[in-house]
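K.L.:
Prediction below, plus the sequence it came from.
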Amino acid sequence: MCDNVNDCVDKADERSLACMSTTKATCKRLLGRKGELPILISWLRDGVRDCVSGADETRDWPTCGVAKTTTLYVSSKEVKCRNVFVCMTGDPGYVELEQLCDGIETCGNENKICSVSNRPQSLSISVRTTDNGLTKSLSHCLPGLNNLDLLRNISCVTKQHLFPDENIFGVTKTSVILPDERVICDHMFGEQYLYTSCTGRCIGATCPLTAVPRWEVCPNQYPNRIGTIVNNEYLIFVTKSYGTVYSNTYFVCDDQIECIDYSKVCDLVYNCNDKSDEANCSNHFKCNSSNKLIPKTKICDGHIDCFDFSDECNEQCSQEILKGYWLKGLSWLIGLLAVVANLVIIVKCLTVLRCSKTTVAVINRLLILVTALGDFLVGSYLFIIAGFDGIIFKKSYCHQQTTWITSLECSVIGVLSTIGSQISLFAMTGLSIVRVHGIWNSMRIPGEVTAVKFLKIIAAITFLVFSSAAIAVFPIMQPFEDFFVNGVKFSEELKIFVGTSNKATIQAVIQAYYGRSSDARLDWKTLIKMVGNMFSRDLDYKYLTEKVDKVDFYGNDGVCLFKYFVQNDDPQKMFVWGILTINFVCFVFISMSYLLIGVLSRRSSDSLASSHNNRQIEQRNKRMNQRIAIIIATDFLCWIPFISICILHSLEVINATSWYSIFSMVILPINSVINPLLYDDAVTKVMKAPTQALLTRVCNSDIFRRVRSRSSN
């Protein structure tokens with residue numbers, strides 16, 4: 001046995017599970033072939049001497065673990081202990097991580113725990129058996145659902161099934177009642193898939209039954225088997241199921257050592273040792289780097305189910321930070337314009353600020369400077385995200401998605417973008433207050449700036465900056481992680497958790513493992529510790545939950561932006577809505593301020609024009625009103641739709657998750673390009689000469705002349 005020589009006709013002596021686990025040490029055996037052969041782990045210290053030297057029964061074999069995990073023996077030449085999943089109940093008391101979540105119940109509640117953690121999906125396996133097992137009803141042809149065929153205009157038909165489809169003495173064919181149409185069977189499993197495909201009703205799928213249940217197969221199963229003849233040529237075995245009914249609803253594994261029931265075929269679980277029960281099934285997707293099977297319906301659904309991400313990172317649906325060339329292009333364009341335009345404003349403000357003598361002038365220049373700094377940060381954020389997307393990650397982002405959203409870089413980028421947007425908004429609010437005050441007191445002579453006044457202005461600006469920084473940094477501070485951490489990523493070795501897991505998933509796993517848990521919301525530290533206690537921590541084992549990557553507030557999406565889209569069950573909901581409320585109030589205040597400025601300037605213009613016929617003042621006020629209208633319109637078009645979408649998403653009226661990139665990279669940052677044009681004319685002056693020169697060259701070009709001559713003709 002286990003000597004690389006087939007002594008049995010069915011090769012059972014070499015296919016035994018015991019042969020799969022051997023030590024690196026060898027010995028001469030008491031029985032069997034001569035020469036040095038590997039020692040089976042199952043033979044070590046089992047009370048039976050198998051080696052001539054008795055090496056298998058010595059006490060110097062190293063072990064791993066303590067208590068229930070001490071049965072893990074390893075080679076005497078190289079000791080390499082591994083973590084194991086420790087079962088609460090049942091033998092052998094542990095599951096090796098390579099075998100964890102393989103669909104086979106080893107001990108404890110392994111399958112229940114794995115189904116909870118790996119995003120369970122209800123499988124369509126509904127089959128009703130009647131008439132002593134000779135009638136199978138599928139789909140909407142189940143009793144009680146018969147009227148559904150009237151709604152779909154698809155009637156039910158009866159097909160006969162028997163494998164092999166030949167003249168088998170004493171065996172009656174099974175009647176299968178199913179819809180009279182060919183369908184895609186990706187959502188069917190077990191008996192439902194088998195009977196549908198084997199009666200020719202599956203599109204693009206063949207019957208998984210290939211091996212005939214001959215008399216000699218599966219010799220150690222079904223002791224009550226009865227032989228019957230097929231076409232007077234060979235024997236197959238059948239079993240008595242109901243009364244005098246004989247049937248064979250067994251799938252023969254390719255090794256012909258095992259047979260399994262039809263209900264265990266194509267059910268996403270390897271029930272045959274050679275995995276042949278899932279080999280000819282078209283209803284599943286096999287992960288690239290493991291034997292894990294998932295339903296085809298889980299491919300490209302936005303959720304990671306394979307440890308190697310192959311269900312989401314493939315030619316059909318590979319993800320990127322920025323989806324689509326138009327979004328990538330706009331990110332680069334808006335980022336470039338925002339950075340360049342605001343740099344011009346920053347340089348001008350720093351230059352003019354030295355010459356500002358009055359308090360109003362200093363405040364105006366400082367607030368415009370701070371607004372430009374905020375918009376510059378937003379433009380830089382767009383540049384950085386576009387750079388990570390198009391230069392660093394490119395097509396590899398999908399595989400590195402969880403690493404990216406749990407990284408420090410993502411958090412820092414999110415903080416910078418939030419500081420930039422909040423500083424810009426707060427500074428524009430302050431600027432509108434100052435300008436309303438200036439218009440209202442236009443008849444007063446502005447006072448000169450003193451050291452005391454300058455310090456007060458700096459203190460106010462500092463408060464504005466620190467308020468913005470506090471809003472940005474608060475969600476990533478460790479004392480508040482229970483409110484702002486959206487999930488964690490455990491080591492892939494644990495096998496239970498795929499991708500990132502939120503609190504609800506982890507608590508459900510703990511409930512399934514320990515049998516009960518408190519209804520109170522546990523903090524992240526406690527949850528991670530309880531998960532760690534599910535695995536061995538003996539001797540010098542590496543503790544796999546010591547380092548856990550966390551998905552913080554800015555890691556909810558690859559663009560690393562402030563988490564504006566929240567739902568009712570999000571613990572950070574109140575914080576997000578508080579910030580949105582503040583921003584909305586600022587928007588309303590800015591709009592009302594500039595409306596008031598517009599009304600007051602129009603009155604002033606009318607008064608001066610009627611008394612002095614001052615055409616120049618009238619034109620200046622007209623331009624001011626146009627600029628005010630643009631300020632209000634752009635703020636309205638950016639913030640009102642965005643806040644409305646946030647409300648609808650929070651109320652679960654719509655799912656706006658897919659729109660997040662558009663709002664974060666286009667809608668909100670567009671103000672960072674428009675603001676420099678509205679709050680100062682430096683950019684327009686800088687761009688005026690090059691633009692006019694370009695237009696002149698275009699108008700004087702031969703191509704333009706030809707086009708104009710053709711259009712005139």
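P.N.:
Sure, I can see it.

K.L.:
pLDDT score assigned to Cys699?
P.N.:
Looking at Cys699, its pLDDT stands at 68.

K.L.:
again, but for Ser380
P.N.:
93.

K.L.:
Can you point out the helix or strand that includes it?
P.N.:
According to DSSP states H and E, Ser380 maps onto helix 359-387.

K.L.:
List the contacts of the following helix or strand past that helix.
P.N.:
Sequence order places helix 401-405 as the next helix or strand after helix 359-387, per DSSP H and E. The contact list for helix 401-405, computed with CB atoms under 8 Å, 6 or more residues apart in numbering, reads 304, 309, 319, 321, 388, 393, 397, 410, 489, 499-500, 549, 551, 555-558, 560. (Each C-beta comes from the backbone N, C-alpha and C, glycine too.)

K.L.:
how about a cut-off of 6 Å?
P.N.:
410, 489, 499-500, 551, 555 (CB atoms under 6 Å, 6 or more residues apart in numbering).

K.L.:
now swap in stretch 305-318 and tell me
P.N.:
For stretch 305-318, the external contacting residues (CB under 6 Å, 6+ apart) are 287-289, 294, 298-300, 304, 398-399, 492, 498.

K.L.:
Tell me where the stretch 551-700 of the chain has helices.
P.N.:
Remark: helices assigned in the stretch 551-700 of the chain by DSSP state H, counting those that start in this stretch are 573-612, 615-650, 660-662, 670-679, 682-699.

K.L.:
Lowest average pLDDT across those helices?
P.N.:
In terms of average pLDDT, helix 682-699 trails the rest of the helices of the stretch 551-700 of the chain, at a mean of 64.

K.L.:
Can you report how many residues neighbour the nearest residue to Ser591 once chain neighbours are set aside?
P.N.:
In this structure, Ser591 finds its nearest non-sequential neighbour in Ile632, 4.9 Å apart by CB to CB, 6 or more residues apart in numbering. Summarising burial for Ile632: neighbours were counted as other CB atoms under 10 Å, giving 18.

K.L.:
so Ile632 touches Met592, yeah?
P.N.:
No: the pair Ile632 and Met592 fails to qualify as a contact (CB atoms under 6 Å) at a distance of 9.3 Å.

K.L.:
Let me see the mean pLDDT of the longest strand along the chain.
P.N.:
When secondary structure is assigned using DSSP state E, the longest strand within the chain turns out to be strand 234-242. The average pLDDT within strand 234-242 is 86.

K.L.:
and what of stretch 114-121?
P.N.:
The predicted confidence, averaged over stretch 114-121, sits at 72.

K.L.:
that older thread, quick one: list the elements packing against the helix holding Ser380.
P.N.:
Judged by 3 or more CB pairs under 6 Å, 6 or more residues apart in numbering; DSSP states H and E, helix 359-387 is in contact with helix 325-353, helix 408-440, helix 451-473, helix 670-679.

K.L.:
so which of the contacts of helix 401-405 would you say is closest to Arg435?
P.N.:
Distance to Arg435 across the contacts of helix 401-405 (CB to CB) is lowest for Cys410, with 37.7 Å.

K.L.:
residues touching the closest one, list them.
P.N.:
With contact taken as CB under 6 Å, 6+ apart, Cys410 is in contact with 404, 554-555, 560.

K.L.:
let's go with 10 Å and repeat that
P.N.:
Contact partners of Cys410, counting by CB atoms under 10 Å, 6 or more residues apart in numbering, are 385, 388, 403-404, 551-552, 554-555, 557-561.

K.L.:
What is the least confident helix or strand in this protein?
P.N.:
Taking all helices and strands of the chain together, the one with the lowest average confidence (mean pLDDT, DSSP states H and E) is helix 148-152, at a mean of 49.

K.L.:
The helix or strand following that helix - contacts with which helices or strands?
P.N.:
Per DSSP H and E, helix 148-152 leads on to strand 156-161 as the next helix or strand towards the C-terminus. Applying 3 or more CB pairs under 10 Å, 6 or more residues apart in numbering; DSSP states H and E, one finds that strand 156-161 contacts strand 135-138, strand 174-179, helix 190-198.

K.L.:
got a list of what the residue nearest to Ser591 touches?
P.N.:
With contacts defined as CB under 10 Å, 6+ apart, the neighbours of Ile632 are 587, 590-595, 598.

K.L.:
Quick one: buried ones out of these?
P.N.:
Of the members of the contacts of Ile632, the ones counted as buried by neighbours, 16 or more other CB atoms under 10 Å, are 587, 590-591, 593-594, 598.

K.L.:
Need those in JSON lines (columns: distance to Thr129).
P.N.:
As requested, the buried ones among the contacts of Ile632 are exported to JSON lines (distance: CB to CB, whole Å):
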{"residue": "Phe587", "distance to Thr129": "65"}
{"residue": "Ile590", "distance to Thr129": "71"}
{"residue": "Ser591", "distance to Thr129": "69"}
{"residue": "Ser593", "distance to Thr129": "75"}
{"residue": "Tyr594", "distance to Thr129": "75"}
{"residue": "Gly598", "distance to Thr129": "79"}
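
K.L.:
neighbours around Arg354, how many?
P.N.:
Neighbour number of Arg354 under other CB under 10 Å is 7.

K.L.:
Tell me the spacing between it and Asp274.
P.N.:
Plainly put, Arg354 is 83 Å away from Asp274 if you go by CB to CB, to the nearest Å.

K.L.:
Same check on Leu350?
P.N.:
Leu350 sits 75 Å away from Asp274, going by CB to CB.

K.L.:
out of those two, which sits in the more crowded spot?
P.N.:
Shown here are Leu350 and Asp274; by other CB under 10 Å, Asp274 has more neighbours (14 against 11).

K.L.:
surely that one meets Asn291?
P.N.:
No: under the criterion of CB atoms under 10 Å, Asp274 is not in contact with Asn291, lying 11.8 Å apart.

K.L.:
Return the residues in contact with the closest residue to Pro571 other than its chain neighbours.
P.N.:
The shortest distance from Pro571 to any non-neighbouring residue, by CB to CB, 6+ apart, is to Phe483 (4.8 Å). Residues touching Phe483, when contacts are defined by CB under 10 Å, 6+ apart, comprise 474-475, 553, 570-575.

K.L.:
how many other residues sit next to Ser421?
P.N.:
Neighbouring residues of Ser421 were enumerated by other CB under 10 Å; the total is 25.

K.L.:
contacting residues around it?
P.N.:
Ser421 touches 374-375, 377-378, 381, 468, 471-472, 561-562, 583, 668-669, 671-672, counting by CB under 10 Å, 6+ apart.

K.L.:
Recalculate using a threshold of 6 Å.
P.N.:
Contact analysis of Ser421 by CB under 6 Å, 6+ apart lists Val378.

K.L.:
and stretch 156-163, which residues are buried?
P.N.:
For stretch 156-163, a neighbour-count test (16+ other CB under 10 Å) marks 156, 159, 161, 163 as buried.
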